[in-house]
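In: Here is a sequence together with a model predicted from it:
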Amino acid sequence: MRIIGGRWRGRRLLAPTGKDVRPTADRTREALFNILAHAPLGQAPLGGSLWVDVFCGTGAVGLEALSRGAEACVFIDKDVSFARSNATALGAVPPLLQTDAARLPACPLPRPADFVFLDPPYGRDLLAPALDALRAGGWLAPTALLILESAASETINLPAAFRLYEARAYGAAKLWFVGQTQGENA
């Protein structure tokens, strides 16, 4: 596993063995950042953006965003040890929040996030509570783009305050591009 583009391009990342953490594949991350660079989903530009990487595991997606010019990224997971190790190896010192994604405190960023990546463990129905917690805690800019990862065969149910723009499958994973419904901003 490695950083695909930007200032840390080609740098290797630590990934655990076993099935407890399932890092987003290099191919899927590359596709994600190509979409963000070229697809008109109404999102903010990547350069200078604020990110939140929820269920971050290794931190690969948030670190990729930082490598490509994001201003900051908060990494959230019940265990941030791999994200911490990878960030340290790259010389980054991002905020790490070791907590349950369904019980988030108020947003510590200087402004709400432009992008949020959520990759919960597959099949555990953790997505909706995390989305609700992000919204309630003021983590989301009105035009925030949320990218959700699931198993390619999985269907997601979004809370009413969110709408699906599109979904794309990449091997065993599917990326869902989501925004907030009008008038439902945190």
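Out: Perfect, thanks for sending it. Note that this is a predicted model, so its numbers are computed, not measured. Residues are numbered from 1 along each chain as shown.

In: CA atoms for contacts and neighbours, from now on please.
Out: Noted.

In: All the strands of this protein, in order from the start?
Out: Secondary structure of the chain (DSSP state E): strands located at 50-54, 72-77, 96-98, 113-118, 140-151, 162-170, 173-180.

In: Scan the protein for its longest helix.
Out: helix 26-38 (DSSP state H).

In: Kindly format the C-alpha coordinates of it as PDB.
Out: C-alpha atoms of helix 26-38 as PDB (Å, rounded to 0.1, in the frame of the first residue of the first chain):
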ATOM      1  CA  ASP A  26      -4.500   1.800  -4.100                       C
ATOM      2  CA  ARG A  27      -6.700   1.400  -7.200                       C
ATOM      3  CA  THR A  28      -9.800   2.700  -5.400                       C
ATOM      4  CA  ARG A  29      -8.000   5.700  -3.900                       C
ATOM      5  CA  GLU A  30      -6.500   6.500  -7.300                       C
ATOM      6  CA  ALA A  31     -10.000   6.400  -8.900                       C
ATOM      7  CA  LEU A  32     -11.400   8.500  -6.000                       C
ATOM      8  CA  PHE A  33      -8.900  11.300  -6.400                       C
ATOM      9  CA  ASN A  34      -9.300  11.200 -10.200                       C
ATOM     10  CA  ILE A  35     -13.000  11.700  -9.800                       C
ATOM     11  CA  LEU A  36     -12.500  14.600  -7.300                       C
ATOM     12  CA  ALA A  37     -10.100  16.200  -9.800                       C
ATOM     13  CA  HIS A  38     -12.300  15.800 -12.900                       C
END
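
In: Only the buried residues of that helix, if you could.
Out: For helix 26-38, the neighbour count (16 or more other CA atoms under 10 Å) marks Thr28, Arg29, Glu30, Leu32, Phe33, Leu36 as buried.

In: The strands of the chain: which one's closest to Gly6?
Out: strand 72-77 (14.5 Å; CA to CA).
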